[in-house]
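Trainee: model the following, please.
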Amino acid sequence: MVNLDLWCLTSSGEAYMRLNNLEEAGHWYRESLKAKPDHVPAHLTYGKLLSIMYAAALMNLGAILHLNGKLQEAEANYLLALQLKPDDLITQSNLRKLWNVMHRV
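Mentor: Below is the predicted model:
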């Protein structure tokens with residue numbers, strides 16, 4: 001594959017990441033990796049996408065556990081999510097609310 005074509009595939013993924021369209025970004029990163037499985041930039045950016053998606057999944061699991069009264073488990077998931085995405089305002093807010101419930105604030 002021509003380097004320009006590979007660059008276009010990876011750049012499409014990056015553009016969709018900036019638009020917060022994670023599903024479409026993943027599609028283009030996977031296309032880039034199909035074209036050239038050892039393409040390091042695609043691996044790096046796809047890895048970043050997966051860590052963002054994993055952080056969101058951890059935050060959502062924390063919220064479900066929080067709502068179901070499993071406070072220590074919720075806290076652990078929120079903290080893991082924040083390790084992956086420290087600037088996530090929703091996770092930070094959820095954790096503060098949890099700590100209020102747990103009387104830690």
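Trainee: ok, the spatially most central residue of the chain - contacts?
Mentor: Nearest residue to the geometric centre of the chain (Cα atoms, centre = their mean): residue 52, 1.1 Å. Under the criterion of Cβ atoms under 8 Å, 6 or more residues apart in numbering, the contact partners of residue 52 comprise 22, 84-85. In short, each C-beta sits where N, CA and C put it, glycine included.
Trainee: can you add secondary structure, distance to residue 29 and pLDDT and give those back as CSV?
Mentor: Below are the contacts of residue 52 laid out as CSV (DSSP: H, G, I helix; E, B strand; the rest coil; distance: Cβ to Cβ, whole Å; pLDDT from 0 to 100):
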residue, secondary structure, distance to residue 29, pLDDT
22, helix, 10, 92
84, helix, 18, 93
85, coil, 18, 93
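Trainee: nearest to residue 3 among those?
Mentor: Of all the contacts of residue 52, residue 3 sits closest to residue 22, with 25.8 Å by Cβ to Cβ.
Trainee: neighbours around that closest one, how many?
Mentor: A total of 16 residues lie near residue 22 under the criterion other Cβ atoms under 10 Å.
Trainee: mind listing what's buried in the lengthiest helix in the chain?
Mentor: Ranked by residue count, the top helix of the chain under DSSP state H comes out as helix 40-67. Along helix 40-67, these residues count as buried under the neighbour rule (16 or more other Cβ atoms under 10 Å): 41-42, 45-46, 49, 52, 55-56, 58-59, 61-63, 65-66.
Trainee: in the helix or strand of the chain with the lowest mean pLDDT, which residues are buried?
Mentor: Across the helices and strands of the chain, mean pLDDT, DSSP states H and E gives its lowest value to helix 3-18, namely a mean of 91. Along helix 3-18, the positions that meet the burial threshold by neighbour count (16+ other Cβ under 10 Å) are 6, 9-10, 12-14, 16-17.
Trainee: if we can go back for a sec, helix 3-18 and the longest helix of the chain, what's the angle between them?
Mentor: Helix 40-67 runs at 20 degrees relative to helix 3-18, counting by axes from the mean of the first three to the mean of the last three Cα atoms, to 10 degrees.
Trainee: in the protein, where is pLDDT below threshold?
Mentor: Low-confidence regions of the chain, defined by pLDDT under 70, span residues 1-2, 104-105.
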